[in-house]
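**Q** Generate a structure from the sequence data that follows.
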Amino acid sequence: MVTVRINGTAHTVDVAPDMPLLWVLRDVIGLTGTKFGCGMALCGACTVHLDGKPIRSCVTPVSAATGKSITTIEAIGDTPAGKRVQRAWLDLEVVQCGYCQSGQIMSAAALLARTPHPTDAEIDAAMAGNICRCGTYVRIRAAIKQAGASA
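**A** Numbers count the residues shown, from 1 in each chain. All right, here's what the predicted structure looks like:
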């Protein structure tokens, strides 16, 4: 049994400690907003926050999350930075297919929580490894800048 705190709620689950956090979130707890993309921490679709820092849940064992606070896309709008990012995403119509967007939003919210007015270089560094096959990078950057400006 492993107990994890997800979006402010403690969940005790009967899983192996080395099970990837992604599968605990999606298959055990039923929070399907976090996506499986590559399974190797290369695409960013599975990004969640662990104590406020973006991590790739596909390669993070659930045991690494015990005693820490996990925030998923389902609750990122409850944070000031997350709320601004989600608003900017809608305002600028960032999404095309949408598959990568939960990971993109999670990485952007983490960036703005620590750097409210990021430079282009800071955006590039924070968003590196978040792949968008539709190529919405220009709108993603614009949305991050808009969200930062509204801080």
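
**Q** V13: how many residues sit nearby?
**A** A count of nearby residues for V13, using other Cβ atoms under 10 Å, gives 14. From N, CA and C alone the C-beta is placed, and that goes for glycine too.

**Q** scratch that, Q146 is what I was asking about
**A** The burial count for Q146: 16, using other Cβ under 10 Å.

**Q** Against A65, how distant is the residue positioned nearest the centre of the chain?
**A** Nearest to the mean C-alpha position of the chain, counting by Cα atoms, centre = their mean, stands M106 at 2.8 Å. Distance, M106 to A65, using Cβ to Cβ, to the nearest Å: 15 Å.

**Q** cool, and P118?
**A** From P118 over to A65 the distance is 27 Å, taken as Cβ to Cβ.

**Q** What of I29?
**A** I29 is 12 Å from A65, by Cβ to Cβ.

**Q** In three-state terms, how would the residue nearest to D91 when sequence neighbours are not counted be classified?
**A** Leaving aside its chain neighbours, D91 sits nearest to Q146 (6.7 Å; criterion: Cβ to Cβ, 6 or more residues apart in numbering). Assigned with DSSP: H, G, I helix; E, B strand; the rest coil, Q146 falls in the helix class.

**Q** Just the pLDDT for Q146.
**A** Q146 is assigned a pLDDT of 98 by the prediction.

**Q** unless I'm mixing things up, it is touching E93, no?
**A** No: with contact defined as Cβ atoms under 8 Å, Q146 and E93 do not form a contacting pair (12.0 Å).

**Q** what about the residue nearest to the centre of the chain, which SS state?
**A** Three-state call for M106 (three-state DSSP): helix.

**Q** gap between the residue lying closest to it once chain neighbours are set aside and P116?
**A** Once flanking residues are discounted, M106 sits nearest to T47: 4.2 Å by Cβ to Cβ, 6+ apart. For T47, the distance to P116 (Cβ to Cβ) stands at 20 Å.

**Q** Quickly find the element holding A113.
**A** Assigned by DSSP states H and E, A113 belongs to helix 101-114.

**Q** and that helix, what other elements does it pack with?
**A** strand 47-50, strand 53-56, helix 80-91, helix 120-127, helix 137-149 (3 or more Cβ pairs under 8 Å, 6 or more residues apart in numbering; DSSP states H and E).

**Q** which of the residues in whichever helix or strand comes after the second one are buried?
**A** It refers to strand 53-56. Per DSSP H and E, the first helix or strand lying C-terminal to strand 53-56 is strand 69-71. Buried residues in strand 69-71, counted by 16 or more other Cβ atoms under 10 Å: I70, T71.
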